[in-house]
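Enquirer: have a look at this fold, sequence not included:
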């Protein structure tokens, strides 16, 4: 089967891009001397990742790779287990209840014994406890006499807005509600957005981290856990057991962070990020300089970055390149896979319905859920699962429009090809596909628009793109940074629409060309 020339060109370009992508991935995996540091998707985790990376950087052959904002515990842990990262800052309560699923682990030694079969270990207690707690507006606490969680349980009329992770955690809402007898059905919110919601009186109770900078800033009252439900969440480093032998100098440097970060210091660093918009790397560098780290130099005091600085920041072209590559590869692969499948199933009505139905089903799977499944199946994070997910989402519009375009070819033209003695492959190449091409191209156009939007979700698993700004903006509750990520993605969508308009214009001109300029049958 021979595709039209425009599709053949696209196929070749996609193949070259895919080979280049795989070569880059292979080179990255071969760099065993590189330290890979991960983080979750909240302010403190971003800062701690920078602290770890900058502390180790002078003692590594190549600069550490930061995989920021990877998502919740399940995703970051999977990244560590699979070797996509070497270490990240975690909390003892989370390790005990989320990773070890409640296995007895009262001490660091017990945790290490339980983690060793997984090839993981716990080390370097950083010096602070960042526990979960519930908070209410101080005015409501005074009016209702709320001091403890037991007091809160007496007021079922209050609205709870809790982070989605807290609602689903083993040490989260379900157990807490059982311990205290809460009867409310909480609303799931992003952790950063919950602060805006409680300040605007849309909700009354939120879950907080005890080192959050906005607790005092918004005048919230942290309620006492009088029944001692929450464990301690001491910040530690969760790492691959081979790391100390693989990078001994970097590991020795990281040991110097033990006990260096107390709760006041962590709150102050969080405040600089969330209330002053100071970049994470600057915050980490200033802290290391203040603790006497000879390799760190404090940065001059920065003014708050404006919207233009965030929009046209130095990461703009890097993110644009990553986003464009994800979209081009996923749509190109979807064309290479989807068009031949659609052509093969087109004559078979039942098989066609089954294949298109399966593609439609894939389209209904939430993107984050699909990414989580792919991470578990592949044992990897980053570009590969993101690319597979985007390709799957691109299949439906391409396959459906290919089938529709073939179905719209008049019977008379089909019969004319047969009358001229064309074989079925010749008829497909010279008659059916050229006539179906405008409809097929409309499907590619739709798939591209979907991929550009969905690719922003890929940042949740470290695949880059403009979603990195959106993810960080959510973590900081920074609307300007959110828009600085959304606007370039929208501009890319408009640019793609312009390209498709140009292609369709050229196709219309070609169709209006004199018969002598058309290729012979």
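Expert: Perfect, I can see it now. Just so we're clear, the structure is a prediction, and the values are computed from it rather than from any experiment.
Enquirer: number of residues surrounding the closest residue to residue 468 other than its chain neighbours?
Expert: Taking CB to CB, 6 or more residues apart in numbering as the measure, residue 468 lies nearest to residue 459, with 4.5 Å between them; neighbours along the chain are not counted. No exception for glycine: its C-beta is placed from N, CA and C like everyone else's. Burial of residue 459, expressed as a neighbour count using other CB atoms under 10 Å, amounts to 27.
Enquirer: contact partners for residue 459?
Expert: Under the criterion of CB atoms under 8 Å, 6 or more residues apart in numbering, the neighbours of residue 459 are 69, 465, 466, 467, 468, 470, 471.
Enquirer: if you rank the residues you listed by neighbours, which is first?
Expert: Neighbour tally across these (other CB under 10 Å): the maximum, 30 neighbours, falls on residue 465.
Enquirer: tell me the pLDDT of it.
Expert: The pLDDT attached to residue 465 in the predicted structure is 91.
Enquirer: cool, the one 5 residues further on as well?
Expert: On the pLDDT scale, residue 470 is placed at 88.
Enquirer: put together JSON lines for the contacts of residue 459, with distance to residue 505 and secondary structure on each row.
Expert: Shown next, in JSON lines, are those (distance: CB to CB, whole Å; DSSP: H, G, I helix; E, B strand; the rest coil):
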{"residue": "69", "distance to residue 505": "40", "secondary structure": "coil"}
{"residue": "465", "distance to residue 505": "29", "secondary structure": "coil"}
{"residue": "466", "distance to residue 505": "28", "secondary structure": "coil"}
{"residue": "467", "distance to residue 505": "32", "secondary structure": "helix"}
{"residue": "468", "distance to residue 505": "35", "secondary structure": "helix"}
{"residue": "470", "distance to residue 505": "33", "secondary structure": "helix"}
{"residue": "471", "distance to residue 505": "37", "secondary structure": "helix"}
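Enquirer: make a markdown table out of those residues and add distance to residue 506.
Expert: Conversion of the contacts of residue 459 to a markdown table gives the following (distance: CB to CB, whole Å):
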| residue | distance to residue 506 |
| --- | --- |
| 69 | 41 |
| 465 | 29 |
| 466 | 29 |
| 467 | 32 |
| 468 | 35 |
| 470 | 35 |
| 471 | 38 |
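Enquirer: give me the buried positions along the helix or strand containing residue 406.
Expert: Counting by DSSP states H and E, the element that carries residue 406 is helix 383-407. Under the neighbour-count criterion of 16 or more other CB atoms under 10 Å, helix 383-407 has 383-406 buried.
Enquirer: just how off-centre is the helix or strand following that helix within its chain?
Expert: Toward the C-terminal end, the helix or strand that comes next after helix 383-407 (DSSP H and E) is helix 411-419. In terms of CA atoms, centre = their mean, to the nearest Å, the gap separating the centre of helix 411-419 from the centre of its chain is 50 Å.
Enquirer: please apply the same query to stretch 34-52.
Expert: Distance, stretch centre to chain centre, for stretch 34-52: 15 Å (CA atoms, centre = their mean).
Enquirer: can you check stretch 439-456 too?
Expert: What separates the centre of stretch 439-456 from the centre of its chain is 20 Å, taken as CA atoms, centre = their mean.
Enquirer: which elements pack onto the helix or strand residue 282 falls within?
Expert: Residue 282 is part of helix 280-290 when elements are defined by DSSP H and E. For helix 280-290, the helices and strands in contact under the criterion 3 or more CB pairs under 8 Å, 6 or more residues apart in numbering; DSSP states H and E are helix 43-56, helix 263-276.
Enquirer: residues in contact with the one helix or strand residue 356 maps to?
Expert: Here residue 356 sits within helix 349-364, counting by DSSP H and E. With contact meaning CB under 8 Å, 6+ apart, helix 349-364 is reached by 341, 342, 345, 346, 370, 392, 393, 395, 396, 399, 400, 403.
Enquirer: for the residues you listed, give me a markdown table that also has pLDDT.
Expert: Formatted as a markdown table, the entries for the contacts of helix 349-364 read as follows, by pLDDT from 0 to 100:
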| residue | pLDDT |
| --- | --- |
| 341 | 94 |
| 342 | 93 |
| 345 | 92 |
| 346 | 91 |
| 370 | 84 |
| 392 | 93 |
| 393 | 93 |
| 395 | 94 |
| 396 | 94 |
| 399 | 95 |
| 400 | 95 |
| 403 | 93 |
